[in-house]
Structure formats: C-alpha cells, structure tokens
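**Q** Following is a predicted model, sequence given first.
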Amino acid sequence: MGDEDKRRSKESGSLKLDFSNFVLSLNASALIHLGDIPDPQSRERLINFSAAKHTIEILEIIKSKTAGNLDGEEQKLLDDVLYNLRMKYVKDIGSEKK
C-alpha cells in the first residue's frame with residue numbers, strides 16, 4: 001500500500017477490505033444478530049435468529065465457492081468463524097426454546 005493509499009484509508013477511517021476483513025465483518029454481523037455484540041447504531045443487544053442464520057449461510061456459500069482458492073490463513077479463519085458461529089447459533093437457539 002503506497003503512502004497515498006494509506007492517507008486515503010486514514011481519511012476515510014476504514015481498513016483496506018480484504019478477504020479476512022470481509023469474513024470478520026460477516027462474523028461481527030452474525031454476533032450482533034445473536035445478541036453478543038450491541039447493535040452499533042442503537043447500542044441495544046437484539047436477537048434475530050433468522051438474520052444470524054442467513055449470515056451463517058452466506059459464509060457457507062463463500063466457503064463452497066472459494067474452495068481451493070484460499071491461502072492457509074484465510075481457510076483457517078473461515079473454518080474457525082463458521083464453526084464458532086454454528087456452535088453459538090445452535091446453543092443460543094436451543095436455550096431460547098426452553
């Protein structure tokens with residue numbers, strides 16, 4: 001990243017979007033829907049299992065469509081994020097039904 005790109009990135013207040021940041025963004029979105037992270041706008045912890053499931057399904061599609069095209073770190077990140085979100089979703093939805 002050149003100096004000009006770094007300056008623009010600082011000015012816009014955003015990180016360079018790469019695959020890992022994209023996956024982490026979807027992870028954060030799912031965690032917001034599961035109530036683990038407060039909504040950035042309302043600051044409330046709201047649970048929306050349907051939206052969480054939808055985000056997990058998007059990550060599953062990404063995993064399927066990128067098979068064989070990720071480096072080791074990207075693959076591990078995607079696998080770990082999916083595993084953790086699936087386990088949390090199953091646990092949370094199970095405790096909701098009790």
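**A** Sure thing, it's come through. Note that the structure is a prediction, hence the values are computed from the model and not measured.

**Q** Let's verify the nearest residue in space to F19 that is not next to it in sequence: helix, strand, or coil?
**A** Spatial nearest neighbour of F19, excluding adjacent residues (Cβ to Cβ, 6 or more residues apart in numbering): E74 at 5.3 Å. For every residue, glycine as well, the C-beta is placed using N, CA and C. Using DSSP: H, G, I helix; E, B strand; the rest coil, the structure places E74 in helix.

**Q** can you tell me which residues contact E74?
**A** Listed by Cβ atoms under 8 Å, 6 or more residues apart in numbering, the contact partners of E74 are 19-20, 23, 66.

**Q** For the residue most central in space within the chain, give its distance to K88.
**A** Nearest residue to the geometric centre of the chain (Cα atoms, centre = their mean): N27, 1.7 Å. Going from N27 to K88 by Cβ to Cβ, to the nearest Å gives 10 Å.

**Q** Over to A30?
**A** Counting by Cβ to Cβ - A30 and K88 are separated by 8 Å.

**Q** Looking at the two, which is more packed in?
**A** Between A30 and K88, counting by other Cβ atoms under 10 Å, A30 is the more crowded of the two (26 against 16).

**Q** If you tally nearby residues, what's the number for the residue nearest to the more buried one when sequence neighbours are not counted?
**A** Spatial nearest neighbour of A30, chain neighbours left out: T55 (4.1 Å); criterion: Cβ to Cβ, 6+ apart. Using other Cβ under 10 Å, T55 has 22 other residues around it.

**Q** Is T55 located within a helix, as I assumed?
**A** Yes: under three-state DSSP, T55 sits within a helix.

**Q** show me the contacts for it.
**A** So T55 contacts 26, 29-30, 33, 85 (Cβ under 8 Å, 6+ apart).

**Q** mind running it again at 7 Å?
**A** 26, 29-30, 33 (Cβ atoms under 7 Å, 6 or more residues apart in numbering).

**Q** So which of these belong to helices?
**A** Of the contacts of T55, the ones assigned to helices by DSSP state H are 26, 29-30, 33.
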